[in-house]
Structure formats: C-alpha cells, structure tokens
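Colleague: Need the 3D shape of this:
(one chain, ligands or ions: 2)
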Amino acid sequence: MEKLLQITTGKAKSLYTTSNPDQLIMEFRDDTSAFDGKKIEALDNKGKVNNQFNAFVMEFLSSKGIETHLIELLSSNESLVYKLDMFPIECVVRNRATGSLCKRLGVEDGLLLDPPLFEFFLKDDALGDPLINDHHIVSFGWATQEEANLMREMTLKVNDLLVDFFKEANLILVDYKLEFGMFKGKMLLADEFTPDGCRLWDKDTLTKMDKDRFRQDLGNVIETYSEVAERLGMQIKLD
Ligand SMILES: Nc1ncnc2c1ncn2[C@@H]1O[C@H](COP(=O)(O)OP(=O)(O)OP(=O)(O)O)[C@@H](O)[C@H]1O
Ligand SMILES: [Mg+2]
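Modeller: Ligands and ions are numbered 1, 2, ... in the order given. Predicted structure coming up:
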C-alpha cells in the first residue's frame, strides 16, 4: 500500500490517503508535544516504538471484542487504518487522580478512584481541550446521546481489559484518553493507545513510565516506553 496525499499532520502523527478511499496510512513521527503544543521536541525512535505499541494494544483489544480502526502494521512506523469520521471528543478514564484533575478539584495526587472516573473533553487545542458533558455534546451536535453513551461504554470496557493487561506487566494504568470515529455506521476505537496518551506507574515504586517523563523533564522517555513494551512481551523493531 502506497502513501498518496498527506491529509492531516497532527502534533505526533500524519495521515495519508491510499489507493483505497476507505483506508489511510497513519505514520507515527518522532515529534512529541505537551501543554497543548507549547513544548515540542523530536525524540529518536518514538514513532517506531509508538506505532508498534499501539498495534499491540489495539490487537489485544480487538481480540477482546473492541472494534478498532487498525487494519495492519505496514512498517516500523506506519499502520493501515480505516478512514473514519472522527468525533471532536476525547474520552478519559482515571483510576487514580493526578495531573489536571488534581489542579481542577484540589484532590490529592495518586488518590484511588473507585469506581473509575469518566470524563469527556472537547478536542480543541486553542481552547485547551475543555471538560464537557453529554449535554454539551448533544446541544452542540458533536455526537448524539446514543453515540456519547456508546463512547463511554466502550471506554470503560477498555479500562476493565487494560487494567489487568498492564497489571501483568507490574504497571498501574493511572489514566488514558481515547478517540472514536464512525466507519460505515459503526463506531470504532481510533487514533492511538500509547504511553503518549496514558499514564502508567510502576506498581512497586510508582515510577512514571509515560509522557509525564517528557512533560516533567524526567529523562529517558523512549527508553522507558521501550521498557513498558518489553514488560508486555513486545519485540519492537527499530529498522
Ligand atoms: N482512523 C482515523 N481516521 C481519521 N482521522 C483519524 C483516525 N485516527 C486518528 N485520526 C485523527 O488524526 C489526527 C492524528 O494526529 P495527531 O494525534 O498527531 O494530532 P494532534 O496534533 O494530537 O491533534 P489532536 O489534538 O487532534 O489529536 C487526530 O486529529 C486524530 O483525531
Ligand atoms: Mg493526537
């Protein structure tokens, strides 16, 4: 499958059309951003590690009944995906309080959240991705109530599956963000699941093993992503 036209270039990935109008090539770049694009750096091998990490997680989820946009891995840093109509919404689940939630509500960092907390955010960097609820989604027409319900249901099902998946690797899944889109009337999990869009803490030491290493200048960002991949049993190719 050949890349034709570049249709999107986001902060971390680029999307290209292919000879099949229903399919896109998603290229994972080394570019890394934080704080709504205010901090940007290229980290060697991040594109390759994240592309293969994402495929591993999406394949696991798909084996457990979550339908995703991933068709197949094409190369170390590219995947073939279905072309979706994306919802301008981020779905977040938190198993522990940290980051923006602690700032917003003044709760203690690391507080266990049981049941897990679900939140919707509007995907809009210029507005700082504001917190929204179902009423905003329906009133502004970003999705229907049924679609919002399904996004929440799928995101929480992913939580049940991934909490145990990461526990096997001695990691705590602290929180994560998912995006969804529609393909021929069906809702599919889209975008990516990588350490760029979730928080993972070592179960024993609570060491941060995700993009907070970049946000907080903790160093060894990609070495740590690779360690997570290795603990999950992945063999990452860097060629
Ligand atoms: N299967 C898909 N079909 C169409 N668009 C997709 C698909 N999967 C992901 N996308 C979109 O492609 C873009 C991916 O690029 P990237 O994640 O680098 O963007 P970004 O700069 O982070 O912007 P955003 O804040 O919108 O995610 C996102 O806008 C995402 O919503
Ligand atoms: Mg993105």
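Colleague: ok, which stretches of the protein are helices?
Modeller: For the chain, the helices defined by DSSP state H occupy 46-63, 100-105, 134-139, 145-167, 212-215, 221-231.
Colleague: Comparing the ones you listed, which comes out most buried?
Modeller: Stretch with highest mean neighbour count among the helices of the chain: helix 46-63 (a mean of 21; mean count of other CB atoms under 10 Å). Placement of C-beta: from N, CA and C, glycine included.
Colleague: Now do that one: which elements does it pack against?
Modeller: Here helix 46-63 touches strand 23-28, strand 70-75, strand 78-82, helix 145-167, helix 221-231, going by 3 or more CB pairs under 8 Å, 6 or more residues apart in numbering; DSSP states H and E.
Colleague: Wondering if the longest one reaches ligand 1 at all.
Modeller: No - judged by CB under 6 Å from any ligand atom, helix 145-167 stays clear of ligand 1, getting no closer than 13.4 Å.
Colleague: quick one: residue 107 from ligand 1, how far?
Modeller: Distance of residue 107 to ligand 1, computed by CB to the nearest ligand atom, to the nearest Å: 26 Å.
Colleague: from memory residue 95 sits against residue 176, does it?
Modeller: No - with contact defined as CB atoms under 8 Å, residue 95 does not count as touching residue 176 (9.1 Å).
Colleague: what does this protein put close to ligand 1?
Modeller: Proximity of the chain to ligand 1 (CB under 6 Å from any ligand atom) is limited to residues 8, 10-13, 15, 24, 69, 81-84, 86, 123, 125, 179, 181, 190-191.
Colleague: For PyMOL, what selects the buried ones among those?
Modeller: Buried residues among the residues of the chain next to ligand 1 (16 or more other CB atoms under 10 Å), as a PyMOL selection:
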select buried, resi 12+13+15+24+69+81+82+83+84+123+179+181+190+191
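Colleague: Redo the helices of the chain as a markdown table? Include mean pLDDT.
Modeller: Below are these laid out as a markdown table (pLDDT from 0 to 100):
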| stretch | mean pLDDT |
| --- | --- |
| helix 46-63 | 98 |
| helix 100-105 | 97 |
| helix 134-139 | 98 |
| helix 145-167 | 98 |
| helix 212-215 | 98 |
| helix 221-231 | 98 |
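Colleague: Tell me which of these lies nearest to residue 91.
Modeller: Smallest distance to residue 91 across the helices of the chain (CB to CB): 4.2 Å, for helix 145-167.
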